[in-house]
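S.K.: prediction below, plus the sequence it came from.
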Number of protein chains: 2
Amino acid sequence: MKFCSECGGTTETLIPEGDSRLRAVCSTCKTIHYVNPKMVLGTIPAWGDQVLLCRRAIEPRYGLWTLPAGFMEVEESTANGAMRETMEEAGARIELGSLFSVFDIPHVNQVHLFYLAQLKDLEFAAGPESLEVKLFTEDEIPWNLIAFRTITATLKFYFHDRRQGVMSIHTGDIRELRLPHEPYTDLDRRQ
Amino acid sequence: MKFCSECGGTTETLIPEGDSRLRAVCSTCKTIHYVNPKMVLGTIPAWGDQVLLCRRAIEPRYGLWTLPAGFMEVEESTANGAMRETMEEAGARIELGSLFSVFDIPHVNQVHLFYLAQLKDLEFAAGPESLEVKLFTEDEIPWNLIAFRTITATLKFYFHDRRQGVMSIHTGDIRELRLPHEPYTDLDRRQ
């Protein structure tokens, strides 16, 4: 942040009194500008033993597969946001289930939440940010063409839990270090 | 947002091409400024059948009781943020447990996450944002002096689960409509 969004003055980076972190502070009106991580919300839309994936029509990871997901907007709940993204990206009407995964990705300042979901019908269709949307069984999923590690992890846990017959919540961190052939986790602002 | 944080130019509120929501867009450099909800992270620090609460030394809800919690910072995980806030507000060293509650509060654009925690010792102490910190059994908790509804809900679920002998995750929305005598849920920026 170079300029104050309140008065247009220049900002300087300093630790405000009573704080312990560097913040952008306006030199003119003294407003402190906090920056906080963002939430990405998505669903695992199921139809029998299949799940619905979207092939990305936008960067990053153009052409790779993902669960429908995107940034949480103001004045919505995580559940409503997850449903909205599922409609926007996959044109899919769902019955929302429980919260299924919560993954931290500290190096990109994001937290990803995925909800279980049941497709209400098969009238889904690619939205403007998807090249195509398609149902996959576990064996059919293009595991080496998944866009983000939180998607891979969520899908792995999902099929594992389904085999066990018990869905539980899964939490954890996705760290910056990558294994060979693993894609990065960062989502762009417009997903 | 009145001024662009990138170039200092004035912003206008419009729906960008390909978007469906009003955004602050810079009239000069065309940067789109997104606003997203914030996460509040906290813990339920337990010691035997007691939990540690903090009495707020800051507005809003000065003097009322809360679990240690505060806004997630960049470059930290939800778990690390919850531990940091517990140290900052209650001076308490904890062993972090599972994610316990996730509450949406859409009307204040916040999501609150609370983790289970075990106190490592009794050497806790009020931080600068707390008047005092104290252990309470369920019967001793000042239920009508709790600062926020997400705290009340988290504590009620916690003691309920403990009686049942099974801790599970709890999710839900906190809506704007209040019942009589219920405090508001909004947290201030500095909690």
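M.R.: Received the coordinates, thanks.

S.K.: state the mean pLDDT of the longest strand belonging to chain A.
M.R.: What stands out as the longest strand in chain A, according to DSSP state E, is strand A:94-105. Throughout strand A:94-105, pLDDT has a mean value of 97.

S.K.: what packs against that strand?
M.R.: strand A:38-47, helix A:78-90, strand A:110-119, helix A:149-164, strand A:170-173, helix B:78-90, strand B:94-105 (3 or more CB pairs under 8 Å, 6 or more residues apart in numbering or on different chains; DSSP states H and E). Using the backbone N, CA and C atoms, a C-beta is placed for each residue, glycine as well.

S.K.: check whether the shortest one contacts chain B.
M.R.: Yes. On the criterion CB under 8 Å from any CB of the partner chain, strand A:170-173 is in touch with chain B at A:171, A:173.

S.K.: cool, the fourth one as well?
M.R.: No. Where contact is defined by CB under 8 Å from any CB, no part of helix A:149-164 touches chain B; the two come within 13.0 Å at best.

S.K.: same question, the third one
M.R.: Yes. Strand A:110-119 lies in contact with chain B when judged by CB under 8 Å from any CB; the contacting residues are A:111, A:113.

S.K.: the most centrally placed residue in chain A: what's it in contact with?
M.R.: In chain A, the centroid-proximal residue (CA atoms, centre = their mean) is A:V40; its distance is 3.3 Å. Shown in contact with A:V40 (CB atoms under 8 Å, 6 or more residues apart in numbering or on different chains): A:69-72, A:110-113, A:150, A:187, A:191.

S.K.: a markdown table for these, including neighbour count and pLDDT?
M.R.: Converted to a markdown table, those look like this (neighbours: other CB atoms under 10 Å in any protein chain shown; pLDDT from 0 to 100):
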| residue | neighbour count | pLDDT |
| --- | --- | --- |
| A:A69 | 26 | 98 |
| A:G70 | 22 | 97 |
| A:F71 | 19 | 97 |
| A:M72 | 26 | 97 |
| A:Q110 | 20 | 97 |
| A:V111 | 26 | 98 |
| A:H112 | 25 | 97 |
| A:L113 | 27 | 98 |
| A:T150 | 28 | 95 |
| A:L187 | 24 | 40 |
| A:Q191 | 22 | 29 |
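
S.K.: ok so, going back, quick check: buried residues in the longest strand of chain A?
M.R.: Under the neighbour-count criterion of 16 or more other CB atoms under 10 Å in any protein chain shown, strand A:94-105 has A:94, A:96, A:99-105 buried.

S.K.: report the distance from it to the chain centre.
M.R.: 10 Å (CA atoms, centre = their mean, to the nearest Å).

S.K.: likewise for stretch A:78-96?
M.R.: 12 Å.

S.K.: what about A:E123, how many neighbours?
M.R.: If you count neighbours by other CB atoms under 10 Å in any protein chain shown, A:E123 ends up with 9.

S.K.: host element of it?
M.R.: Under the criterion DSSP states H and E, no helix or strand holds A:E123.

S.K.: surely it is in contact with A:G91?
M.R.: Yes. In this structure, A:E123 is within contact of A:G91 by CB atoms under 8 Å, at 7.5 Å.

S.K.: what sits closest to A:T10 if chain neighbours are left out?
M.R.: A:S27 (5.4 Å; CB to CB, 6 or more residues apart in numbering or on different chains).

S.K.: burial measure for the one you found, as a count.
M.R.: Neighbours of A:S27 (other CB under 10 Å): 12.

S.K.: picking up where we left off before, A:T31: which of the helices and strands packed on strand A:94-105 is closest?
M.R.: strand A:38-47 (20.8 Å; CB to CB).

S.K.: neighbouring strands for the closest one, and are they parallel or not?
M.R.: strand A:50-56 (antiparallel), strand A:69-71 (antiparallel), strand A:110-119 (parallel) (DSSP bridges).

S.K.: can you pull the contacts of the residue of chain A most remote from its centre?
M.R.: The C-alpha centroid of chain A is most remote from A:T28, which lies 36.7 Å away (CA atoms, centre = their mean). A:T28 sits next to A:4, A:7, A:9-10 when contact means CB under 8 Å, 6+ apart.

S.K.: so where's chain A shaky on pLDDT?
M.R.: A:177-191 (pLDDT under 70).

S.K.: okay, domains of chain A per the record?
M.R.: According to automatic domain parsing, chain A comprises the domains A:1-35, A:38-173.

S.K.: now those domains as a markdown table including distance to B:E76?
M.R.: Compiled in a markdown table, those are given as follows (distance: least, CB to CB, whole Å):
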| stretch | distance to B:E76 |
| --- | --- |
| domain A:1-35 | 11 |
| domain A:38-173 | 6 |
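
S.K.: so which of those domains is the most surrounded?
M.R.: Most buried of the domains of chain A by mean neighbour count (mean count of other CB atoms under 10 Å in any protein chain shown) is domain A:38-173; its value is a mean of 19.
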